[in-house]
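Asker: Sequence plus the predicted model coming up.
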Amino acid sequence: MNRGGATLGKQAAPRGGQTLVEVLVAMTVLGVGLVAVLEAFSVCSGAVSRIKSEAIAKTWSRSIMAEIRANPSLLTSDESGDLGRDYPGFTWRRQVRETGEQGVLAVRVEVRWKSRGVAREYSLVTLVRMPQV
């Protein structure tokens, strides 16, 4: 007997495919995952930029300090400048102070820059014995 197109004793074959709700849930999960991945890239990019700037500051500070150690007679006064066109936004300053010990000076080298609008600084301090004349 056939009622409304259905055959008695036989079940209708299940249809293949996804429901609209399943598709929406899958798209939501993928969207949240994609946002997390993009956030991770953003954080990593900021960290790489910060590390690169710190490496530049450390290298320049050590370079200036090495120059001073090689030729302490150059220490006549405070001095400052920038790191040139290759490193825009970076400035350096050298401060020379008496220590109270005859022939010994305290030297401070600072390199400053801005990273994401925040002022940053790297400093080195050392004592330098002036050559006897």
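Answerer: Received, thanks. Remember, predicted model here, so these are calculated numbers, not experimental data. Numbering: from 1, shown residues only.

Asker: CA atoms for contacts and neighbours, from now on please.
Answerer: Will do.

Asker: Closest to the centroid, which residue in this structure?
Answerer: residue 50 (2.1 Å; Cα atoms, centre = their mean).

Asker: That residue touches residue 115, doesn't it?
Answerer: Yes: applying Cα atoms under 8 Å as the test, residue 50 and residue 115 come out as touching, 6.9 Å apart.

Asker: which stretches of the protein have low pLDDT?
Answerer: 1-10, 12-15, 133 (pLDDT under 70).

Asker: switch the cut-off to 80
Answerer: 1-18, 72-76, 130-133 (pLDDT under 80).

Asker: Can you list the residue ranges for helices in the chain?
Answerer: 20-70 (DSSP state H).

Asker: Can you report how many residues neighbour residue 28?
Answerer: Here the count is done by other Cα atoms under 10 Å, and residue 28 has 12 residues near it.

Asker: now swap in residue 88 and tell me
Answerer: 11.

Asker: For residue 94, see how far away residue 128 is.
Answerer: Residue 128 sits 13 Å away from residue 94 when distances are taken as Cα to Cα, to the nearest Å.

Asker: So which of those two has more stuff around it?
Answerer: residue 94 (21 against 18).

Asker: my guess is that one meets residue 78, correct?
Answerer: Yes: contact criterion Cα under 8 Å: residue 94 and residue 78 qualify, at 5.4 Å.

Asker: what residues are shared contacts of residue 128 and residue 94?
Answerer: Common contacts of residue 128 and residue 94 (Cα atoms under 8 Å, 6 or more residues apart in numbering): residue 107.

Asker: OK, contacts around the nearest residue to residue 95 once chain neighbours are set aside?
Answerer: Nearest residue to residue 95, sequence neighbours excluded (Cα to Cα, 6 or more residues apart in numbering): residue 78, at 4.7 Å. For residue 78, the contact set (Cα under 8 Å, 6+ apart) comprises 93-96.

Asker: what about 7 Å?
Answerer: 94-96 (Cα atoms under 7 Å, 6 or more residues apart in numbering).

Asker: So what's the residue count around residue 65?
Answerer: Neighbours around residue 65, by other Cα under 10 Å: 21.

Asker: I'd like to know how far it sits from residue 74.
Answerer: From residue 65 to residue 74 the distance is 11 Å (Cα to Cα).
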